[in-house]
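**Student:** coords below, sequence missing:
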């Protein structure tokens, strides 16, 4: 669905005969399926009439599909997988010898490992992020990926996600404020006050919530929920979600900083890493 030479033809097929796009060897991957939501119901139907699992993989961009055009939920037929940027282990910058889950279980895993990556290297990796294409690039070419991504978010994606026209300038101010509060439990009132210092017009808490919800929908931010040690406990150790970006490089791009800036401000470095 992302092939510009065939997208018009495939959109017509998806509207008239969506099952025709599902024929062929499996697993069959349909990219940008969200522009033709009828494919969802077609895949669900095919899943009900085929044996086995994993026949289709539906992938899409940061702007989700309009699920109101979908007739069936797909319960029992679809599994949602959130694809985050690559971890340092996936990109080859970490050996993976230490397992965080193993530290809290009975598994016999090493408790100590040595990594030759320097602090300067880590500062670069924080700013580069885990964008797959960036992991194959060096220097400034690798760092520019996060700035391009941020531009796409504030100029287009944050408005396209739900059809509400949002200010690029305010979106940048919000993301910059979130970057300053990365890894903290700053409430919306704090974010709102922070933005209003730098904005001529008064920004309401409701507007901040609208912008942050849009950023969550397009997978820019992903807060860590408050945690309770006891499943039956009514209270949580943390009562407020902790704010995080899905990738550290979004925060550095929003702040306009690079590896050298992080090395000169180790407190900010620690929060971003």
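**Tutor:** Right, received. Where do you want to start? Treat the numbers as computed from the prediction; the structure is a model and nothing was measured. Numbering: from 1, shown residues only.
**Student:** Check which helix or strand the most centrally placed residue in the chain maps to.
**Tutor:** Computing the C-alpha centroid of the chain and ranking residues by CA atoms, centre = their mean puts residue 219 first, at 3.3 Å. In the assignment (DSSP states H and E), residue 219 maps to no helix and no strand.
**Student:** Backbone dihedrals for it, please?
**Tutor:** phi 60, psi 40 (degrees, to the nearest 10).
**Student:** next one: residue 175
**Tutor:** Here is the backbone geometry of residue 175 (degrees, to the nearest 10): phi -60, psi -40.
**Student:** what sits against the nearest residue to it once chain neighbours are set aside?
**Tutor:** Nearest residue to residue 175 in three dimensions, chain neighbours excluded: residue 254, at 4.5 Å (CB to CB, 6 or more residues apart in numbering). For glycine as for every other residue, the C-beta is placed from the backbone atoms N, C-alpha and C. Going by CB atoms under 8 Å, 6 or more residues apart in numbering, residue 254 touches 150, 172, 175, 176, 178, 179.
**Student:** Give me the domain ranges for this protein.
**Tutor:** Following automatic domain parsing, one finds the domains of the chain at 7-69, 116-272.
**Student:** most tightly surrounded among the ones you listed?
**Tutor:** Highest mean neighbour count of the domains of the chain: domain 116-272, a mean of 16 (counted as mean count of other CB atoms under 10 Å).
**Student:** Quote the end-to-end distance of stretch 113-132.
**Tutor:** 26 Å (CA to CA, to the nearest Å).
**Student:** Could you shift the numbering so residue one becomes 19, and keep it that way?
**Tutor:** Sure thing, new numbering starts at 19, so read that last one as stretch 131-150.
**Student:** Make sure the residue nearest to residue 193 is indeed in a helix.
**Tutor:** Yes. Counting by DSSP: H, G, I helix; E, B strand; the rest coil, residue 272 is part of a helix.
**Student:** So, low pLDDT: which residues of the stretch 19-168 of the chain?
**Tutor:** Applying pLDDT under 70 to the stretch 19-168 of the chain flags the ranges 79-88, 92, 125, 127-129.
**Student:** Do a quick rundown of the helices in it.
**Tutor:** 25-34, 56-66, 118-121, 137-146, 157-170 (DSSP state H, counting those that start in this stretch).
**Student:** go on, the stretch 169-291 of the chain?
**Tutor:** Assigned by DSSP H, counting those that start in this stretch, the stretch 169-291 of the chain shows helices spanning 176-178, 186-198, 206-215, 223-235, 266-273, 277-282, 284-290.
**Student:** Just put the ones you listed in CSV and tack on mean pLDDT.
**Tutor:** What follows is the helices of the stretch 169-291 of the chain, written out as CSV (pLDDT from 0 to 100):
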stretch, mean pLDDT
helix 176-178, 90
helix 186-198, 92
helix 206-215, 86
helix 223-235, 91
helix 266-273, 94
helix 277-282, 89
helix 284-290, 73
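**Student:** got JSON lines for the ones you listed, with distance to residue 72 too?
**Tutor:** Shown next, in JSON lines, are the helices of the stretch 169-291 of the chain (distance: least, CB to CB, whole Å):
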{"stretch": "helix 176-178", "distance to residue 72": "30"}
{"stretch": "helix 186-198", "distance to residue 72": "37"}
{"stretch": "helix 206-215", "distance to residue 72": "41"}
{"stretch": "helix 223-235", "distance to residue 72": "27"}
{"stretch": "helix 266-273", "distance to residue 72": "32"}
{"stretch": "helix 277-282", "distance to residue 72": "41"}
{"stretch": "helix 284-290", "distance to residue 72": "37"}
